[in-house]
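Here's my sequence, what's the structure:
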Amino acid sequence: MTAIGVARRLERDSDAGGIARERYLSLHPKAALYADFADFAFWRLDVLRASLNAGFGRAYALRPEDVLHGG
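So this is what the prediction gives:
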């Protein structure tokens, strides 16, 4: 799958940055060792469109709602 969108860095002290950190560490608790390093950042990708190549003759154009779970 190829996703096309706009990526933006989340500021550490913002609400969105805090939520991203909390979600990430809930899935990867050992990452707490490096999640606060200066060169570590969380990013958000706002998907505009995507494409999926599922094999010969099986290519699909996708909308954002086709690939996002809503959370």
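
which residues in the protein form strands?
With strands called from DSSP state E, the chain shows them at 2-10, 42-53, 59-62.

any chance of those strands in CSV, plus distance to residue 18 and mean pLDDT?
(C-beta placed from N, C-alpha, C; glycine too.) Formatted as CSV, these follow (distance: least, C-beta to C-beta, whole Å; pLDDT from 0 to 100):
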stretch, distance to residue 18, mean pLDDT
strand 2-10, 9, 96
strand 42-53, 10, 94
strand 59-62, 30, 93
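
Pull out the buried residues from the helix ranked longest in the chain.
Longest helix in the chain, counting residues (DSSP state H): helix 15-27. Judged by neighbour count using 16 or more other C-beta atoms under 10 Å, the buried positions of helix 15-27 are 17, 20, 21.

Report the inter-axis angle for it versus strand 42-53.
70 degrees (axes from the mean of the first three to the mean of the last three C-alpha atoms, to 10 degrees).
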